[in-house]
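**Student:** Sequence and computational prediction follow.
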Amino acid sequence: MPSASSSEFCANVLKVLADETRLRVVRALFSGPKHVGEINQDLGLEQSLLSYHLRVLREHGVVDAERDGKALPYRRASAARSRDGGGTIDLGCCCLRFDGSPKGKGGRP
């Protein structure tokens, strides 16, 4: 994977985050690590669709998952670290700022 400061890394991560559902997933993780069921409770997606988006986010270093027994909690990865108390994602190459509270079940990020 390219370094967080490279143009290639930045372009790839921004492409991944250009998807509204993936942005909503990242936003759902602002409050801390969550299991798939907790994320899905916030977003109301089909299980397979959520799993797909989590895999894409994991592959691009935006979220991490570390097995805890049978559970697999997800959290924002260091490549998507929080700034200013949680409303901004610092990708190293640029920052994304979210205004307002996260929207669930079909709402916009």
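**Tutor:** Arrived safely, thanks for sending. Residues are numbered from 1 along each chain as shown.
**Student:** contacting residues around residue 28?
**Tutor:** The contact partners of residue 28, by Cβ atoms under 8 Å, 6 or more residues apart in numbering, come to 34, 39, 42, 43, 102. C-beta: built from backbone N, CA, C; applies to glycine.
**Student:** any idea which helix or strand carries the third one?
**Tutor:** Read that as residue 42. Residue 42 is located in helix 36-43, with elements delineated by DSSP states H and E.
**Student:** Identify the residues contacting the helix or strand that that helix is followed by?
**Tutor:** Using DSSP H and E, the next helix or strand after helix 36-43 towards the C-terminus is helix 47-59. In this structure, residues lying in contact with helix 47-59 by Cβ under 8 Å, 6+ apart are 16, 19, 21-22, 25-26, 36, 39-40, 43, 45, 63-65, 74.
**Student:** Of the residues you listed, which count as buried by neighbour count?
**Tutor:** Buried subset of the contacts of helix 47-59 (neighbour count, 16 or more other Cβ atoms under 10 Å): 16, 22, 25-26, 36, 39-40, 43, 45, 63-65, 74.
**Student:** Model confidence score at the closest residue to residue 39 other than its chain neighbours, please.
**Tutor:** With sequence-adjacent residues excluded and distances taken as Cβ to Cβ, 6 or more residues apart in numbering, residue 39 is closest to residue 28, at 5.1 Å. Looking at residue 28, its pLDDT stands at 89.
**Student:** Relative to residue 48, how far out is residue 28?
**Tutor:** For residue 28, the distance to residue 48 (Cβ to Cβ, to the nearest Å) stands at 17 Å.
**Student:** before we move on, what SS does the residue nearest to the spatial centre of the chain have?
**Tutor:** Taking Cα atoms, centre = their mean as the criterion, residue 26 is the residue nearest the geometric centre of the chain, at 2.5 Å. For residue 26, the assignment made with DSSP: H, G, I helix; E, B strand; the rest coil gives helix.
**Student:** Next SSE downstream of the worst-scoring helix or strand of the chain on mean pLDDT?
**Tutor:** Ranking every helix and strand in the chain by mean pLDDT, DSSP states H and E puts strand 81-83 at the bottom, with a mean of 61. Using DSSP H and E, the helix or strand that follows strand 81-83 in sequence is strand 88-90.
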